[in-house]
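Asks: Structure for the following, please:
(2 chains)
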2 protein chains.
Amino acid sequence: MMDKMAANLSVSETAKSIDALVTPALLLDRGRLGHNIQGLAERAKKLGVVLRPHMKTAKSIDVARCVFPREPGPITVSTIAEAEYFAGHGFRDMTYAVGMSAASAIRAMELCRRTGVDLKLLLDTVEQADVLANVLEAIGVTPSVFIELDCDDHRGGLKPDDPKLLEVANRVVAAGANLVGVLAHAGESYGLSTPDALVKAAENERLATVRAAEILRAHGHPCPIVSLGSTPTAHFAENLEGITELRAGVYMFFDLVQHGVGVCAIDDIAISVLATVIGAKPEKGWVLVDAGWMALSRDRGTANQQIDQGYGVVCDDKGRVLEDVIVAQASQEHGILAIRAGSGKSMPKLPVGTRIRILPNHACAMAAQHDFYSVINGENPEIEARWERIRGW
Amino acid sequence: MMDKMAANLSVSETAKSIDALVTPALLLDRGRLGHNIQGLAERAKKLGVVLRPHMKTAKSIDVARCVFPREPGPITVSTIAEAEYFAGHGFRDMTYAVGMSAASAIRAMELCRRTGVDLKLLLDTVEQADVLANVLEAIGVTPSVFIELDCDDHRGGLKPDDPKLLEVANRVVAAGANLVGVLAHAGESYGLSTPDALVKAAENERLATVRAAEILRAHGHPCPIVSLGSTPTAHFAENLEGITELRAGVYMFFDLVQHGVGVCAIDDIAISVLATVIGAKPEKGWVLVDAGWMALSRDRGTANQQIDQGYGVVCDDKGRVLEDVIVAQASQEHGILAIRAGSGKSMPKLPVGTRIRILPNHACAMAAQHDFYSVINGENPEIEARWERIRGW
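Replies: Take a look at the predicted model:
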């Protein structure tokens, strides 16, 4: 045990091996990342749509370059800060997929004027459409705009048959802006767990989106882009007729929520948090590690799924799952490992100093707790690269 | 409505007024912060103990200087990165209140050697004690060590009457390290909600801690520091006889969880997230804002309290609570405001472009999602200062 602890005496953030990395640390498996990226790229190609990946999960130019080695997009972003960052790295075709305010539209159009990027905005009210005239006047750039659709009562957006759809479209045009199309996101698909239900959700998302585009076209709005997507529906859509582009983000990394939905295998999950054992409570079957919610995030997305994974599934230091060991509780800098309730297993020996990897409930949330990825490949402890992430708004 | 949107046309991260701040943005109310700091300082003085505030919540030298305008501590830290940061700003007396590994102990002692700070470590196993000899040999600095106590089955630590307490103490001394005392944290107090239960939890924490110190002293270990604390027990302890120091962290900001426990008033909560309305679903009673879990954190600490506050309580742009309006749902960059279930209230008019403030379930988690505080005072929109935060490990 002393040998195990002594082996990791000297650690640093720029170590060459994960054995010498300061913990907790975010690991990214390059092989799994590449496999996930290739998988959806091939699907999109087969379905005859453009893939516009969402960069909100990775927030990293290096990950973006795994999808687009040279191309200037297309990508989706979740903040204007992401748009500014990716514009600075040569990306040109972007959609800001959060409803615009006057302030965010101004920032977006300032970016377009300054860098020449094409950053498309999203809206679903006449009030937002009306403000576009002010934006155009203030910045001198014509905003390109999507109307947000609601296909499953998830969040914002207009139902295709809502009379406001045409009203908003007309006001966008009246404001002098460029209506580029409609955009839907089947967010409720995260709550599903059977292939049948996922196929149905994908088809429902398609029908709503195509219908909205048809209504707009019937009234003289060309609607060149017909965009939809969520990681679950993107992987279960059987037919995307009438759709021009597909969006998804978390698919690059995948996570335990997506595994619970049925979209990926555990072995597809490309990120994990490396942690060190710092104590134990044998009488309770607990092992304590130095990764709490600050490193794992507070996300408990599997709590309502068939298998509750606590704050994450525990693997050994090579990434091999320790069967039925989960992070049962988390405080700020402490994780408590325990055997899943109802399992016949007992806790493996994990002396103080042992290193483990923890798979995320939700990759977007776990990754957001860290400033960089230590890039590895499979069981090899060698760190191949350090990839920075951005944050903020 | 157009006026409201147009009013906020130009925003920046370094605005002079919160009206021109990029949203979502973390606000810190200087008056409330000062009031909270003073409150516990006076309590500690009356109870005759040293207050060693925990910097894990604020992670900011500027906030630390509100507690200690010139003094070099004492403070508590939750990561070695915090210790390095506060050492760089002149703090000298620190406790790293997470169980040590060989690697963290080495980093800690390297910091002590380099800067002359006194950074005390925490352990509860003979394995950790045994590794201290290696640490001393490798760095040439004698580690100062607390034994972690378990007073309420919350996490790690030894029960005072566990024979391992003396065994660990003897091994610390045998390794050539300096045993400075015992340290307890009544973490289960966060789950309480009545004054009686809190007073009892505080007294239980005191009795366990004092008993451990007495046992160690009876066996020749002087145990000069007898340390305990959690924000709830720190505010309800009626007697701290036998205790030398008190620790608490979240009390500087307070939050809705602490309000639910009964430790603070809503009006004591010093941080909030400023957000902008970006849409609505009137048929569902929803208003959408640009603050999702990325800005608020995924913390749902009030979910098991008597009043579930969703992802946070909503105030107007001056910080006045909008009665029964909460953030009912959150996705990455979207919050959905709704009226609390069972309330007779209806949603106030919040047109697109309106700004609101959202109070945190858990201040440590919300603040961790941001890189800086925009410091304000009460209802005044003027930003008095921008205080940076640190993160990472």
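Asks: in which helix or strand would I find A:Phe254?
Replies: Secondary structure from DSSP states H and E places A:Phe254 outside every helix and strand.
Asks: That one: neighbour count?
Replies: For A:Phe254, the count of nearby residues is 28 (other C-beta atoms under 10 Å in any protein chain shown). Where C-beta positions appear, they are placed from N, C-alpha and C, glycine not excepted.
Asks: I figured it hits A:Ala270, correct?
Replies: Yes: taking contacts as C-beta atoms under 8 Å, A:Phe254 lies within contact range of A:Ala270: 6.5 Å.
Asks: Can you pull the residues that touch both of the two?
Replies: The contact sets of A:Phe254 and A:Ala270 overlap at A:Arg32, A:Asn36, A:Ala363 (C-beta atoms under 8 Å, 6 or more residues apart in numbering or on different chains).
Asks: Tell me which other helices or strands the helix or strand hosting the second one touches.
Replies: In the assignment (DSSP H and E), A:Asn36 maps to helix A:30-47. The criterion is 3 or more C-beta pairs under 8 Å, 6 or more residues apart in numbering or on different chains; DSSP states H and E, and the helices and strands that helix A:30-47 contacts are strand A:50-51, helix A:61-67, helix A:231-236, strand A:372-377.
Asks: 7 Å instead?
Replies: Contacts defined by 3 or more C-beta pairs under 7 Å, 6 or more residues apart in numbering or on different chains; DSSP states H and E place helix A:30-47 against strand A:50-51, helix A:61-67, strand A:372-377.
Asks: Export the ones you listed as JSON lines, with columns for distance to chain B, mean neighbour count and mean pLDDT.
Replies: Output for the helices and strands packed on helix A:30-47, formatted as JSON lines (distance: least, C-beta to the nearest C-beta, whole Å; neighbours: other C-beta atoms under 10 Å in any protein chain shown; pLDDT from 0 to 100):
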{"stretch": "strand A:50-51", "distance to chain B": "20", "mean neighbour count": "19", "mean pLDDT": "98"}
{"stretch": "helix A:61-67", "distance to chain B": "16", "mean neighbour count": "19", "mean pLDDT": "98"}
{"stretch": "strand A:372-377", "distance to chain B": "9", "mean neighbour count": "21", "mean pLDDT": "98"}
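Asks: These into a markdown table, with extra columns for distance to A:Gly310?
Replies: Shown next, in a markdown table, are those (distance: least, C-beta to C-beta, whole Å):
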| stretch | distance to A:Gly310 |
| --- | --- |
| strand A:50-51 | 33 |
| helix A:61-67 | 27 |
| strand A:372-377 | 23 |
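Asks: Residue ranges of each domain in chain A, please.
Replies: A:2-28+A:264-388, A:92-248 (automatic domain parsing).
Asks: quick one: low-confidence parts of the stretch 201-350 of chain A?
Replies: Under the criterion pLDDT under 70, no range of the stretch 201-350 of chain A is flagged.
Asks: For it, what lies in contact range of chain B?
Replies: With the criterion set to C-beta under 7 Å from any C-beta of the partner chain, the stretch 201-350 of chain A comes near chain B through A:276, A:278-279, A:281, A:288, A:290, A:293-294, A:297-299, A:331-334, A:336.
Asks: Among the residues you listed, which ones are in helices?
Replies: Residues from those lying in helices, with DSSP state H as the criterion: A:Trp293, A:Met294.
Asks: Is it possible to mark the buried ones in the residues of the stretch 201-350 of chain A next to chain B?
Replies: A:276, A:278-279, A:281, A:288, A:290, A:293-294, A:297-299, A:331-334, A:336 (16 or more other C-beta atoms under 10 Å in any protein chain shown).
Asks: and A:Pro348, how many residues sit next to it?
Replies: Around A:Pro348 there are 16 other residues, counting by other C-beta under 10 Å.
Asks: Also A:Glu388?
Replies: So A:Glu388, with other C-beta under 10 Å, has 11 neighbours.
Asks: Report the separation between it and A:Val172.
Replies: Relative to A:Val172, A:Glu388 is positioned 37 Å away (C-beta to C-beta, to the nearest Å).
Asks: how about the helices in the stretch 101-250 of chain A?
Replies: A:102-115, A:126-139, A:164-174, A:195-218, A:231-236 (DSSP state H, counting those that start in this stretch).
Asks: Would you mind putting the CA coordinates of the third one into CSV?
Replies: Listed in CSV are the C-alpha atoms of helix A:164-174, where the atom choice follows Å, rounded to 0.1, in the frame of the first residue of the first chain:
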residue,chain,number,x,y,z
LYS,A,164,-47.7,32.9,-35.0
LEU,A,165,-45.2,31.0,-37.2
LEU,A,166,-46.2,33.0,-40.3
GLU,A,167,-46.6,36.2,-38.2
VAL,A,168,-43.0,35.8,-36.9
ALA,A,169,-41.7,35.0,-40.4
ASN,A,170,-43.4,38.1,-41.9
ARG,A,171,-42.0,40.3,-39.1
VAL,A,172,-38.5,38.9,-39.6
VAL,A,173,-38.7,39.8,-43.3
ALA,A,174,-40.3,43.2,-42.5
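Asks: Check whether it comes near chain B.
Replies: No: using C-beta under 7 Å from any C-beta, helix A:164-174 stays clear of chain B, with a minimum separation of 10.8 Å.
Asks: which other helices and strands contact that helix?
Replies: Against helix A:164-174 (3+ C-beta pairs under 7 Å, 6+ apart) you get helix A:126-139, strand A:144-148, strand A:178-183, helix A:195-218.
Asks: Pick out the residue in the stretch 101-250 of chain A sitting closest to chain B.
Replies: A:Ala102 (3.8 Å; C-beta to the nearest C-beta).
Asks: from what I can see that residue touches B:Gly353, true?
Replies: Yes: in this structure, A:Ala102 is within contact of B:Gly353 by C-beta atoms under 7 Å, at 5.8 Å.
Asks: if you count what's nearby, which of those two comes out ahead?
Replies: Between A:Ala102 and B:Gly353, counted using other C-beta under 10 Å, A:Ala102 has the larger neighbour count: 27 against 23.
Asks: Nothing else from me, thank you.
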